[in-house]
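1. Here you go, sequence then predicted model.
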Amino acid sequence: MSELDKYQVVSASLHHILFPLIEEVVQGDEQLEKQLKLAFTKTEHTGNGFAHDFINGVMPHHATMIHQTEALLRLAARPCEEYHIHHSHPDFTRLQDRAVILKRILCKIPDEITTDRHSFLDRVKEIAIAIKDVLESISDVFRLYSRETRKQLDFHKRDFVKYSKSFSDTLKLYFRDGKGHSVFNSAERLVMQTDIILVALKQTTPDKINRDHF
């Protein structure tokens, strides 16, 4: 396990904004890139939300009207090594694929929420199906773990269900009050919880399958 993995965190601000900026700035200096990423990761690990606050702090004053949550939501489906499970068992692969599908649909919300109501309702139905598929895959993967490990992982599953319901409730409110940013915030939290589950599974080893799958 690398030192970066040791301090693994879930932060869209860190992985989708700061890490790509670091890679661009260091221009191929792998040692400096690794040091900067580790420094930011350690800080985020110590103080959750640091990367988000850091971006807000360095953002030019004329850009303060940019809604960071909306921007992060648009980047939700961007490939990110930190949230990729390397277990090759089919159940893990299916969960990874379904998580990507869910995030790809959610990241389109800022553009599609302004379309006609009927089209957006169709998109909402697709999101509901994608959430159901992810939840089904989570249950399939959890069966590969011992009862003791499942107890630890069930906390993340319950949070996924909670944020899914919260997202659904927020959508119902949106169709009454038209406040899109509430939908962005709720969708971004659901993306984050999806990534939290992927990271939790990435850091654990299943108990009930042949090791040849890994």
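-> Perfect, thanks for sending it.

2. Could you export the one helix or strand E188 maps to as PDB, CA atoms only?
-> Assessed by DSSP states H and E, E188 sits inside helix 180-202. The C-alpha coordinates for helix 180-202 follow below in PDB (Å, rounded to 0.1, in the frame of the first residue of the first chain):
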ATOM      1  CA  GLY A 180     -31.900  23.800  -8.800                       C
ATOM      2  CA  HIS A 181     -28.900  24.300  -6.500                       C
ATOM      3  CA  SER A 182     -30.600  22.100  -3.800                       C
ATOM      4  CA  VAL A 183     -30.700  19.300  -6.400                       C
ATOM      5  CA  PHE A 184     -27.100  19.900  -7.200                       C
ATOM      6  CA  ASN A 185     -26.100  19.700  -3.500                       C
ATOM      7  CA  SER A 186     -28.100  16.500  -3.000                       C
ATOM      8  CA  ALA A 187     -26.800  14.800  -6.100                       C
ATOM      9  CA  GLU A 188     -23.200  15.700  -5.200                       C
ATOM     10  CA  ARG A 189     -23.700  14.100  -1.800                       C
ATOM     11  CA  LEU A 190     -25.000  11.000  -3.400                       C
ATOM     12  CA  VAL A 191     -21.900  10.900  -5.700                       C
ATOM     13  CA  MET A 192     -19.700  11.300  -2.700                       C
ATOM     14  CA  GLN A 193     -21.400   8.400  -0.800                       C
ATOM     15  CA  THR A 194     -21.000   6.200  -3.900                       C
ATOM     16  CA  ASP A 195     -17.300   7.000  -3.900                       C
ATOM     17  CA  ILE A 196     -17.000   6.300  -0.200                       C
ATOM     18  CA  ILE A 197     -18.400   2.800  -0.700                       C
ATOM     19  CA  LEU A 198     -16.000   2.200  -3.600                       C
ATOM     20  CA  VAL A 199     -13.000   3.300  -1.400                       C
ATOM     21  CA  ALA A 200     -14.200   1.200   1.500                       C
ATOM     22  CA  LEU A 201     -14.400  -1.900  -0.700                       C
ATOM     23  CA  LYS A 202     -11.000  -1.100  -2.300                       C
END
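
3. Quick check: buried residues in that helix?
-> Neighbour-count burial for helix 180-202 flags 183-202 (criterion: 16 or more other CB atoms under 10 Å). Just so you know, the C-beta spots here come from the backbone N, C-alpha and C atoms, and that holds for glycine as well.

4. So which elements touch that helix?
-> Where contact means 3 or more CB pairs under 8 Å, 6 or more residues apart in numbering; DSSP states H and E, helix 180-202 is packed against helix 12, helix 68-74, helix 90-106, helix 109-112, helix 117-142, helix 147-177.

5. Quick check: which of those helices has the most neighbours on average?
-> helix 12 (a mean of 23; mean count of other CB atoms under 10 Å).

6. After that helix, heading C-terminal, what element do we hit next?
-> Next along from helix 12, by DSSP H and E: helix 19-26.

7. What mean pLDDT does that following helix get?
-> Averaged across helix 19-26, the pLDDT comes to 86.

8. Just the C-alphas of the helix or strand following it, formatted as CSV.
-> Downstream of helix 19-26, the next assigned helix or strand under DSSP H and E is helix 30-46. Only the C-alpha atoms of helix 30-46 are listed here, as CSV (Å, rounded to 0.1, in the frame of the first residue of the first chain):
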residue,chain,number,x,y,z
GLU,A,30,6.8,12.8,-10.7
GLN,A,31,8.6,13.3,-7.4
LEU,A,32,7.2,16.8,-6.9
GLU,A,33,3.8,15.6,-8.0
LYS,A,34,3.8,12.8,-5.5
GLN,A,35,4.9,15.1,-2.7
LEU,A,36,2.2,17.7,-3.4
LYS,A,37,-0.5,15.1,-3.7
LEU,A,38,0.5,13.5,-0.5
ALA,A,39,0.7,16.8,1.3
PHE,A,40,-2.9,17.8,0.2
THR,A,41,-4.2,14.3,0.9
LYS,A,42,-2.7,14.3,4.4
THR,A,43,-4.3,17.7,5.1
GLU,A,44,-7.7,16.6,3.8
HIS,A,45,-7.4,13.5,5.9
THR,A,46,-6.8,15.6,9.0
